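Asker: model the structure of this input:
(2 chains)
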Amino acid sequence: GQNIDQPTEMTATEGAIVQINCTYQTSGFNGLFWYQQHAGEAPTFLSYNVLDGLEEKGRFSSFLSRSKGYSYLLLKELQMKDSASYLCAVRDNTDKLIFGTGTRLQVFP
Amino acid sequence: GAVVSQHPSWVICKSGTSVKIECRSLDFQATTMFWYRQFPKQSLMLMATSNEGSKATYEQGVEKDKFLINHASLTLSTLTVTSAHPEDSSFYICSARDRSGAESQQFFGPGTRLTVL
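Answerer: Numbers count the residues shown, from 1 in each chain, chains lettered A, B, ... in the order given. Here you go, the predicted model:
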């Protein structure tokens, strides 16, 4: 079956670094996406990995290891506005996005 | 990035009525659109995949007669919740896939909050 695991909740302090992990077991693999979702809003795209390694985009970086079925999202220099849910999603071999349960991140001053 | 709109953004209806939600890709053509449902504090669950000019493909457990999907053009898909009941109250989100980019990513609409009384 399809299975994507993320921690349910995380907390961090403003200015710090936080790493959100995601492990997956899916029917095929056509890329892994990270989305940010604020309460009551639609997800917004953060990053995309299809090859192993690290992708950096400003304060956000995402890493992928296909052999381990593992990814993480790294958020640096945390700001209060980064408090949101972070969704890991895998595109399977039918081109569908399978979402993880999401990680609710709370940033404290 | 590409823009996807949804209408209405929220709707309250009586039990037994039908509600139509529109999803539009504003600046690109989307041969495929997706409909998701999200309950509070849960992740997105794919309901169906909508392909332009053909019947939608529904996920297991989703009643196709209850959730009618129409994708009549390359920029518009509609979801009609028929004979809505309180348990259908949820956040409905559509997405449209833009195949022009290397990532072929999905762009999400702002969502529609449905409350059935």
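
Asker: count of residues packed around A:T11?
Answerer: 12 (other CB atoms under 10 Å in any protein chain shown). Quick note: C-beta positions are derived from backbone N, CA and C, even for glycine.

Asker: now it: closest residue in space, sequence neighbours ignored.
Answerer: A:Q106 (4.8 Å; CB to CB, 6 or more residues apart in numbering or on different chains).

Asker: the residue of chain A found nearest chain B: what secondary structure?
Answerer: As assessed by CB to the nearest CB, chain B sits closest to A:A42 within chain A, at 4.1 Å. Following DSSP: H, G, I helix; E, B strand; the rest coil, A:A42 is assigned to coil.

Asker: need phi/psi at it.
Answerer: For A:A42, the backbone dihedrals are phi -80, psi 160 (criterion: degrees, to the nearest 10).

Asker: OK, contacts around it?
Answerer: By CB atoms under 8 Å, 6 or more residues apart in numbering or on different chains, A:A42 lies in contact with B:I93, B:F108, B:G109, B:P110, B:G111.

Asker: which of those residues come close to chain A?
Answerer: B:I93, B:F108, B:G109, B:P110, B:G111 (CB under 8 Å from any CB of the partner chain).

Asker: and the residues you listed, which of them are buried?
Answerer: By neighbour count, with 16 or more other CB atoms under 10 Å in any protein chain shown, those hold B:I93, B:F108, B:G109, B:G111 as buried.

Asker: kindly reformat those as a markdown table containing secondary structure, pLDDT and distance to B:V4.
Answerer: Output for these, formatted as a markdown table (DSSP: H, G, I helix; E, B strand; the rest coil; pLDDT from 0 to 100; distance: CB to CB, whole Å):
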| residue | secondary structure | pLDDT | distance to B:V4 |
| --- | --- | --- | --- |
| B:I93 | strand | 96 | 9 |
| B:F108 | strand | 92 | 6 |
| B:G109 | coil | 93 | 4 |
| B:G111 | coil | 94 | 10 |
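
Asker: of those, which pair is most distant in space?
Answerer: Spatially, the most separated pair among those is B:F108 and B:G111, at 7.7 Å (CB to CB).

Asker: what residues do the two have in common as contacts?
Answerer: Joint contacts of B:F108 and B:G111 (CB under 8 Å, 6+ apart) are A:A42, B:I93.

Asker: A:R66 and A:F29 touch, don't they?
Answerer: Yes: here A:R66 lies in contact with A:F29, judged by CB atoms under 8 Å, at a distance of 6.4 Å.

Asker: re the thing from before, ok, of the ones next to chain A among the contacts of A:A42, which one's closest to B:H71?
Answerer: Taking CB to CB as the measure, B:H71 lies nearest B:G109 of the ones next to chain A among the contacts of A:A42, at 14.1 Å.

Asker: list the contacts for the closest residue to B:Q29 other than its chain neighbours?
Answerer: Leaving aside its sequence neighbours, B:Q29 sits nearest to B:L74 (CB to CB, 6+ apart; 4.0 Å). Going by CB under 8 Å, 6+ apart, B:L74 touches B:S25, B:Q29, B:A30, B:T31, B:E52.

Asker: for chain A, see how far away B:L74 is.
Answerer: Noted for B:L74: a distance of 17 Å to chain A, by CB to the nearest CB, to the nearest Å.

Asker: between the buried ones among the ones next to chain A among the contacts of A:A42, which sits nearest B:H7?
Answerer: B:G109 (9.0 Å).

Asker: for that closest one, grab phi and psi.
Answerer: Dihedral angles (degrees, to the nearest 10) for B:G109: phi -80, psi 170.
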